[in-house]
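Enquirer: Fold the following.
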Amino acid sequence: MEKNRLEAFSDGVIAIIITIMVLEMKVPHGHDFEALKPVVPVFLSYILSFIYVGIYWNNHHHLLQICKGVNGGIMWANLHLLFWLSLFPFVTGWAGEKPFTVLPSVLYGSILLLAAVAYFILQRLILRAHGRDSKFAESFGNDIKGKLSMVLYGAGIGASFFSPRIAALIYIAVALMWLVPDRRIEAALYHDKNNDSHPPA
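Expert: Below you'll find the predicted structure:
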């Protein structure tokens, strides 16, 4: 099956997720800086979640570039990913309303972990459909960054029980790690198109 509908649907859902997250920030009733103080934690949690959603959108776009078509397994795996991403507004709002508290921090990390697992499954299914021995599959290697992220999310969940602030730093660190572009797919696409192992600078 063609991948166009899956891409369009995913882009639409992600756009709605971002819209719902920003709507969680309520307009202050006052007119001075004091009135903004309650909004600051919500705004900071929104920034972090916006970065995470942006990272997923970016990587999802790149991942689908190698996908020639989709099957039922890929479609359900994509829905599985979107399900966990759709919970970002809820955990973002709760973490913002109750900053540095145990349960919101645990749940925020759990959603991050489950979204990462869902993306890993989607990635593996697409690579399997493309061929385990393909250049694209080889370019992914052991996906160290993806696996390290899941380990760090688990560490953040554990840290939440004794120091939610440390957990927040872990979640921020993982986001910063993914801000560095993952060029494996770009390199593989360039190599496949130009029969050259070196992508453009």
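
Enquirer: just for this protein, where's the confidence low?
Expert: Across the chain, the ranges flagged by pLDDT under 70 are 1, 131-142, 181-201.

Enquirer: let's see 50
Expert: Counting by pLDDT under 50, the chain has low-confidence residues at 196-201.

Enquirer: That one: helices as residue ranges?
Expert: 4-23, 33-36, 39-65, 72-85, 88-97, 102-130, 135-140, 144-160, 164-179, 184-194 (DSSP state H).

Enquirer: For these, give me CSV that also has mean neighbour count.
Expert: Every C-beta, even on glycine, is put in place using the N, C-alpha and C of the backbone. Shown next, in CSV, are the helices of the chain (neighbours: other C-beta atoms under 10 Å):
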stretch, mean neighbour count
helix 4-23, 15
helix 33-36, 10
helix 39-65, 18
helix 72-85, 18
helix 88-97, 22
helix 102-130, 20
helix 135-140, 17
helix 144-160, 17
helix 164-179, 17
helix 184-194, 16
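
Enquirer: gap between the residue positioned nearest the centre of the chain and Tyr119?
Expert: With distances taken as C-alpha atoms, centre = their mean, the residue of the chain nearest its centroid is Tyr56 (3.6 Å). Going from Tyr56 to Tyr119 by C-beta to C-beta, to the nearest Å gives 7 Å.

Enquirer: Which neighbours do the two have in common?
Expert: The contact sets of Tyr56 and Tyr119 overlap at Leu81 (C-beta atoms under 8 Å, 6 or more residues apart in numbering).

Enquirer: For the closest residue to Ala118 other than its chain neighbours, give me its contacts.
Expert: Take Ala118 and drop its neighbours on the chain: the residue closest to it by C-beta to C-beta, 6 or more residues apart in numbering is Leu81, 4.1 Å away. By C-beta under 8 Å, 6+ apart, the contact list for Leu81 reads Tyr56, His60, Ala115, Ala118, Tyr119, Ile121, Leu122.

Enquirer: ok, the third one touching Leu85?
Expert: Okay, so that is Ala115. Yes: assessed by C-beta atoms under 8 Å, Ala115 is found in contact with Leu85 at 5.7 Å.

Enquirer: All good on my end, thank you.
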